[in-house]
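Undergrad: Just need the structure, nothing else, for what follows:
(3 chains)
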Amino acid sequence: MALLDIKNLTLYIDTGSTTVKALEKVNLQLNEGEIRALVGESGSGKSLAVRCIIGAIPDYWSIKADRITYQGQDLLNMSYEQRRQIMRREIAVVFQEPTSSLDPSVTVGEQLEESIPPEFIDKGWFWQQNRQRKKIAISLIHRVGIKEHEQYLNAYPHEIPKDISQKLMIAMALASEPKILIADDSTRGMESTTKSQILRLLDKLNKTKNLAILFVSHDLLAITSVAHTMTVLYCGQTVESGKVKSLLRRPLHPYTKALLDSAPSFQLSLPTKSPLATLKGTIPTLQHLPAGCRLGPRCPNARKECVQTPVPRAIQEHTYSCHFPLHVPEGIAKRAPRVSKGLGAND
Amino acid sequence: MQRFNLYQEEYHPSPLINIWLEFRRSHIALAGFVLLVVFLVITLLAPLIAPFDPYLQNTNAILLPPAWEPNGTVAHLLGTDSLGRDIFSRLVYGCRTTFGSSLLIVAISVFIGVGLGALAGVLSGLRSSVVNHLLDSIMSIPTLLIAIVMVAILGTGLGNAMMAITLALIPQFVHQTRTFVRNELQKDYVLLDRLDGASSVRIFIHSILPGMVELIVVQATIALSIAIIDISALGFLNLAAQDPLIELGLSLSQGLEVAYVAPWLIILPGLCIFLMVLSVNVVGEGLRSALRTRLHH
Amino acid sequence: MKLFIRYLNLMVVTIFILLLFSFILPFLFPGDLLTNISGISPQSNEQRIALEQVYKLDQSIFHQFAFYIESLLDGNWGVSTSDQSNLLHELLLAFPATLELVAYALLIAVVIGIPVGFLSGLKNHNPLDFSVVTFSIVGYSFPVVWLALIFITIFCLQFQWLPISGRIDLLFDVPTETGFILIDIARSGISNKADAYLDALHHLILPTASVAIVTTALFIRFTRRSIMDVMEKDYIIAAKSRGFTQRQIFFKHGLKNALLPILPLLVLQISTLITNVMIIETIFSWPGIGRWLIQAIYQQDYPAIRIGMLVVSLCVMALTITIEFITRAMNPARERAESATV
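TA: Residues are numbered from 1 along each chain as shown, chains lettered A, B, ... in the order given. Have a look, this model is predicted:
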């Protein structure tokens, strides 16, 4: 059974004058021990999807979905208290800006100790508990690869460099020994050495503790080295999803192909001084979302049928939402099994 | 630079209009704004609005209660005072004095305060932080104290009281402007202007000032409410406006003598002051909310 | 430590400036310089010359200034021109009365205003919040003068429940020890203490209420806005995502971060509070510094004004600087010293 199962998630945002479908029928599945990458350019709604999962949505948003479940439990309709418990122990989130995710008036060590669930501390006098907390905190810090714990534990958030900060956030996330770690663009704006350190750390955690990771990013290079599966999001719609290897080898959706093409290292045969491959146009604003397949206006393959929202179809665990997928002759495309409502995306 | 519209139907109002639209959505803020405009009209057109001459004494009509009381007449809508002068007219003229002088106070404070603050913001280093700290200390002296000292030195009178309150309000603007200017000077768009060869004055007027206007307006509404309360309080203490000048605070203290018999003589002027301050504060809150929402989106 | 030195420095400089200013005042006041300084108007030429010698008017400005500081430290604060009473004595009597009103009003504002502001800001957009906001705006728009007068009209004149003036009925002979009426009653040996307490409270209610309402309304407004701003910050969302309860989040992270930026604003309100108290004293004939100073100005009692101004501004300044120092010291991000916007 999938750990996290999201089916046809639609997010309505009330902008005062109109209601916009910021996310439309998003499908996402995360299994145990799987590293899934959620990929898309800025504005594609990746962070919105994360916020829907963790429930940090303001009042003027509303969600409709066929299913958002964690280990079978329905996240949408459960009580605030139940959801809080799940967020506390099972799901952990690492946000984009480590410094602003920390309370600036409290030392980092205190915040780390705060994240340790009280169930892990044995009963005893409170100084004994404090000592144990400290010990656990130190071991957490070591686990993420920070050696000089003394110096950092007593520092305030603004005194710590960003890469250590981000590792600390991961340590805080691990404190509750979660089953899922959601990393919302955690390596944004980092230097490549730091980035690869963090990625290696996540990889190690996945392999040693069977931690499922949902890695949200637009950095294709980084992700494809680590992730097992990948979901591509464009403008609030899931566009393609499947194993990283098969997406890289044979992208079925024009957008995925464009994404891969735009990262030069994926193209082995780039002639010198040639223009970089991009899709023309820009991502549409929330007020002007195209009807049907949202890639329509920009897609080189677009035809009349594209004003209908394409239904997700699957070929061998490789799901795509396109009327005219690449590499697939038209006949087979029309006969590929639809992803029906009752089953998961990967069946 | 080429100006083309990617989306024809898209309407992007300027920030100022944005604030107005946002402001308009709160009914209370609008009501406050209307009230404020009423007071403004009264201030400007007092002689046209007042039915009687406020100085005219009528010994036949002393201490008449307001029209809705059994002894009152419609001629004197809000009654008369102990010298037979029509209250409504006196209120109108009193509003003019109180509101008008407060507006003047705020205008001068803004002008001097922003100017000094900009200067202080441009001067960097030890000097300006010393000035800043001194300012902060001066800011904390109670207004009444400054007024008392000024009045002691210069004598009583509306002008002197106005000077005292202006003095008390200036440091706020200096402080705010200085902080803002110092922060903005470190930003890149100012650097770009400088690289283009703009002089400091030009940078200030064209680049920094527009961004500052909103903050100053908000601060000005706070200052206006403080000014109204202070000038009427000083008027009440007979330290500001003096007889025969008509001012709401002064009317309050004059009415105090006969308050036992004619309570409306203290209720009405105070009500005017209250409504004045309330409208300013409501408009101020509305502006602040509108600004905040705009920054959010 | 460096911070401490800086603030100490600031305090010293400010004190010096205030002393200088109060020294210059007699020269600025209209009337006879000698009378302005000494409080005594010389009746004859010999008296004039003698007085001038005492106050060192024949020597240089620096000597005069030094003499002034010396006499301040000595406790020789001069006499009032109106009744020749010793200024130091008068001030010592009046000061605690003002302090009493200020302290009680501040206490109410802090104890009621801050928690209500927090509650209202946390439970945003529900009817409770709306009524709190309404009360708050109406409250701080009220001119203190008018509020006091309305109270008097209703409670004293109409219903005659509460007294208009003074601190305690003259029938009770309470010896002045600390100057705080409630404490003095407790420590005195009079027989009917309960009645005395009741009476003193009756006298206290209206003045305190008039000032406290306005100040509380202001405190509510500041705290509410601050907690609303803090609750939207990223680290609160991050804390929520770690599954802490609302209560945990508020007390551990929200409270401190909401209070710290507004402390300077709250402190600024103390000077408004003092202004209001001074006005209220006049209305209620409360024997405090405010009433004393305003009487002084009516009587053109310049020595009194000069000393009164010095004392009040020194106290306010010292308080403000101390609280600012404590705020800065407690704030870990003290390099980025930004105060909150209203």
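Undergrad: which SSE is C:Ala94 in?
TA: Secondary structure assignment for C:Ala94, by DSSP states H and E: helix C:87-108.
Undergrad: Just give me how far that helix sits from the chain centre.
TA: 8 Å (C-alpha atoms, centre = their mean, to the nearest Å).
Undergrad: Output the contacting helices and strands for it.
TA: Contact here means 3 or more C-beta pairs under 8 Å, 6 or more residues apart in numbering or on different chains; DSSP states H and E; on that basis helix C:87-108 packs against helix C:181-187, helix C:193-231, helix C:255-284, helix C:289-298, helix C:302-330. C-beta coordinates here come from the backbone N, C-alpha and C atoms, glycine included.
Undergrad: Export these to TSV and append columns for mean pLDDT and distance to chain B.
TA: Shown next, in TSV, are these (pLDDT from 0 to 100; distance: least, C-beta to the nearest C-beta, whole Å):
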stretch	mean pLDDT	distance to chain B
helix C:181-187	69	23
helix C:193-231	86	9
helix C:255-284	85	4
helix C:289-298	86	5
helix C:302-330	83	4
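Undergrad: Around the closest residue to chain B within chain C, how many other residues sit close by?
TA: Relative to chain B, the nearest point of chain C is C:Trp146 (3.2 Å; C-beta to the nearest C-beta). Close neighbours of C:Trp146, defined as other C-beta atoms under 10 Å in any protein chain shown, add up to 26.
Undergrad: Tell me who's in contact with it.
TA: Contact analysis of C:Trp146 by C-beta atoms under 8 Å, 6 or more residues apart in numbering or on different chains lists B:Leu252, B:Ile266, B:Gly270, B:Leu271, B:Ile273, B:Phe274.
Undergrad: Phi first, then psi, for the spatially closest residue to B:Gly155 that is not a sequence neighbour.
TA: Nearest residue to B:Gly155 in three dimensions, chain neighbours excluded: C:Pro30, at 7.4 Å (C-beta to C-beta, 6 or more residues apart in numbering or on different chains). Main-chain torsions, C:Pro30, degrees, to the nearest 10: phi -70, psi 160.
Undergrad: Check the one 3 residues further on too.
TA: Recorded main-chain torsions at C:Leu33 are phi -60, psi -40, according to degrees, to the nearest 10.
Undergrad: thought it was touching C:Ser41?
TA: No. C:Leu33 is not in contact with C:Ser41 according to C-beta atoms under 8 Å; the separation is 11.3 Å.
Undergrad: Name the residues contacting each of those two.
TA: Shared contacts of C:Leu33 and C:Ser41, defined by C-beta under 8 Å, 6+ apart, are absent.
Undergrad: those strands in the stretch 51-200 of chain C, which residues are they?
TA: For the stretch 51-200 of chain C, applying DSSP state E, counting those that start in this stretch gives no strands.
Undergrad: which stretches of it aren't confidently modelled?
TA: C:168-179, C:181, C:184-190 (pLDDT under 70).
Undergrad: Kindly recompute the last result at 90.
TA: Scanning the stretch 51-200 of chain C for pLDDT under 90 picks out the ranges C:51-101, C:103, C:114, C:117-134, C:140, C:145, C:148-200.
Undergrad: For A:Ile170, see how far away A:Ser196 is.
TA: 14 Å (C-beta to C-beta, to the nearest Å).
Undergrad: So which of the two has more stuff around it?
TA: Shown here are A:Ser196 and A:Ile170; by other C-beta under 10 Å, A:Ile170 has more neighbours (23 against 15).
Undergrad: Give the burial count for A:Phe120, as a bare number.
TA: 12.
Undergrad: Kindly report the same for A:Lys243.
TA: Neighbours around A:Lys243, by other C-beta under 10 Å: 16.
Undergrad: For it, give me its contacts.
TA: A:His228, A:Thr229, A:Met230, A:Glu317, A:His318 are the contacts of A:Lys243 under C-beta under 8 Å, 6+ apart.
Undergrad: Show the buried residues in those residues.
TA: Buried subset of those (neighbour count, 16 or more other C-beta atoms under 10 Å in any protein chain shown): A:His228, A:Thr229, A:Met230, A:His318.
Undergrad: quick one: the first one from A:Gly242, how far?
TA: Same thing as A:His228. For A:His228, the distance to A:Gly242 - C-beta to C-beta - is 10 Å.
Undergrad: The residue nearest to B:Gly155 reaches B:Thr156, doesn't it?
TA: No. In this structure, C:Pro30 is not within contact of B:Thr156 by C-beta under 8 Å, at 12.0 Å.
Undergrad: Comparing the two, which shows the higher neighbour count?
TA: B:Thr156 (19 against 11).
Undergrad: I'd assumed B:Asn238 was in contact with that one.
TA: Yes. Contact criterion C-beta under 8 Å: B:Thr156 and B:Asn238 qualify, at 6.9 Å.
Undergrad: about what we covered before: can you put the contacts of A:Lys243 in a markdown table and add pLDDT?
TA: Below are the contacts of A:Lys243 laid out as a markdown table (pLDDT from 0 to 100):
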| residue | pLDDT |
| --- | --- |
| A:His228 | 89 |
| A:Thr229 | 90 |
| A:Met230 | 89 |
| A:Glu317 | 78 |
| A:His318 | 81 |
